[in-house]
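>>> Structure, please.
(one chain, ligands or ions: 1)
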Amino acid sequence: MSPIGSSSLYTLAGRSVNRLGYGAMQLAGPGVFGPPKEPQAALAVLREAVAHGVNHLDTSDFYGPHVTNQLIREALHPYPKELVLVTKIGARRGTDGSWLPAFSREELTRAVHDNLRNLRLDVLDVVNLRSMLDTHGPAEGSIEAPLTVLADLQRQGLVRYIGLSNVTPTQIAEGRGICNIVCVQNHYNLVHRADDALVDELARDGIAYVPFFPLGGFTPLQSSTLSQVARRLGATPMQVALAWLLARAPNLLLIPGTSSIAHLRENLAAAELELPTDVVAALNGIVAQTDSTGASR
Ligand SMILES: NC(=O)c1ccc[n+]([C@@H]2O[C@H](COP(=O)([O-])OP(=O)(O)OC[C@H]3O[C@@H](n4cnc5c(N)ncnc54)[C@H](OP(=O)(O)O)[C@@H]3O)[C@@H](O)[C@H]2O)c1
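This next block holds a predicted model:
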């Protein structure tokens with residue numbers, strides 16, 4: 001199997017990673033709750049990703065819960081030394097699958113130990129503190145108390161690097177006053193560009209920006225412009241959406257999620273896709289035509 005074509009590299013957690021990585025959330029059961037229907041297929045996707053050169057994997061113990069971490073362990077442990085595993089803490093799942101905050105010292109400490117056990121690691125490469133002040137998007141409010149707990153766990157040697165997720169620029173500034181922040185994981189894609197200025201600011205500071213929902217997440221991206229561009233380039237709309245992100249800024253590290261080997265291969269091949277300048281301009285115009293539901297005309 002060939003490695004990820006011409007994917008460029010970026011330093012994350014002290015290691016050089018391919019900018020095209022993989023997010024494991026789609027490997028859990030429906031609603032990111034419970035096990036997948038076909039665990040062997042999920043294991044195969046993970047092995048295929050790494051065999052193709054993916055060395056940045058995103059996960060969390062609240063996917064399943066515990067399901068994606070256990071799949072990663074089964075598929076990939078002992079891990080290749082170049083693999084950077086990024087997990088996140090700060091949420092827990094209700095018995096009905098709801099997403100609940102878990103920001104107390106006890107919950108955060110337990111979450112780090114759960115991740116260590118489920119991933120079978122002595123130290124976690126990167127842990128993102130996922131703000132749950134609003135489940136669906138960044139909301140202002142201090143993150144000092146939970147981040148101080150995570151920084152304590154880092155000092156104890158359980159966590160190498162710390163990132164933030166679902167946060168505002170004010171919270172990132174607050175966080176950087178508490179500990180070194182190596183990455184920010186927020187909702188961002190071709191049609192959801194609230195973080196445009198933040199992406200550029202973090203690029204200047206050498207901090208990775210890892211967009212979640214790069215393909216639109218639970219509502220896959222749809223746009224006539226995107227489809228037209230894809231036809232013209234002989235690519236798929238999802239490949240164009242990923243290539244646009246790769247071209248957007250050098251600090252964007254992609255973690256598209258899929259439960260399908262065919263989609264995984266398609267997504268990784270986006271690293272080969274060069275977007276002409278006029279195409280980038282056309283894609284940049286999509287956001288102006290997007291309605292409040294995220295659908296574009
Ligand atoms: N920090 C946070 O709060 C947060 C929130 C959400 C996600 N995340 C992370 O971000 C990662 C990416 O987000 P995501 O997986 O939710 O969304 P995504 O990558 O934007 O999209 C995933 C969806 O697109 C489909 N898909 C993938 N490749 C495709 C292709 N080539 N053609 C057609 N459909 C395709 C997948 O279905 P198939 O399975 O059928 O391919 C799935 O329904 C997650 O895996 C997770 O690690 C973080």
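>>> What score does V287 have for pLDDT?
Per-residue confidence (pLDDT) for V287: 88.
>>> next one: the one 4 residues further on
In the prediction, the pLDDT value recorded for D291 is 55.
>>> okay, and for the stretch 101-250 of the chain, where does confidence drop off?
For the stretch 101-250 of the chain, applying pLDDT under 70 flags no range at all.
>>> Write out the residues of it neighbouring the ligand.
Within reach of the ligand by Cβ under 6 Å from any ligand atom, the stretch 101-250 of the chain has these residues: 130, 165-166, 185, 212-217, 220, 238. All C-beta atoms are positioned from the backbone trio N, CA, C, and that covers glycine.
>>> so D125 sits in a strand?
Yes - when DSSP: H, G, I helix; E, B strand; the rest coil is applied, D125 is found to be in a strand.
>>> quick one, longest helix in the protein?
Counting by DSSP state H, the longest helix found in the chain is helix 105-119.
>>> now for it, which elements pack on it?
helix 67-76, strand 84-89, strand 124-130, helix 144-155 (3 or more Cβ pairs under 8 Å, 6 or more residues apart in numbering; DSSP states H and E).
>>> to the chain's geometric centre, what's the distance from it?
Centroid separation for helix 105-119 versus its chain: 19 Å, with Cα atoms, centre = their mean, to the nearest Å.
>>> most neighbours per residue, which of the helices and strands packed on helix 105-119?
Burial of the helices and strands packed on helix 105-119 is given as mean neighbour count (mean count of other Cβ atoms under 10 Å); strand 84-89 ranks first at a mean of 26.
>>> who's in contact with the longest helix of the chain?
59-61, 66, 69-70, 72-73, 77, 85, 87, 89-90, 92, 102, 121-124, 127, 129, 146, 149-150, 153, 158-159 (Cβ atoms under 8 Å, 6 or more residues apart in numbering).
>>> Counting neighbours, which bits of it end up buried?
Residues 107-109, 111-112, 114-116, 118-119 are the ones in helix 105-119 that count as buried (16 or more other Cβ atoms under 10 Å).
>>> Quick check, pLDDT for the one residue in the stretch 151-297 of the chain that gets nearest to the ligand.
Nearest to the ligand, among the residues of the stretch 151-297 of the chain, is G257, at 2.1 Å (Cβ to the nearest ligand atom). Looking at G257, its pLDDT is 98.
>>> ok, now the one 5 residues further on?
The predicted structure scores A262 at 98 on the pLDDT scale.
>>> Can you report how many residues lie near it?
Look at A262: counted by other Cβ atoms under 10 Å, it has 8 neighbours.
>>> Wasn't it part of a helix?
Yes - counting by three-state DSSP, A262 is found in a helix.
>>> do you know how far it is from L164?
Taking Cβ to Cβ, to the nearest Å as the measure, A262 and L164 are separated by 33 Å.
>>> Could you do A91 as well?
The gap separating A91 from L164 is 14 Å, by Cβ to Cβ.
>>> of these two, who's got more company?
Each of A91 and L164 has its neighbours counted (other Cβ under 10 Å); L164 has more, 28 against 23.
>>> who does the helix or strand hosting that one pair up with?
Applying DSSP states H and E as the criterion places L164 in strand 159-165. Applying DSSP bridges to the sheet, strand 159-165 is found paired with strand 124-130 (parallel), strand 181-185 (parallel).
>>> Buried residues in the following helix or strand past it, which are they?
Downstream of strand 159-165, the first helix or strand assigned by DSSP H and E is helix 169-176. Residues of helix 169-176 classed as buried: 171-172, 174-175 (neighbour count, 16+ other Cβ under 10 Å).
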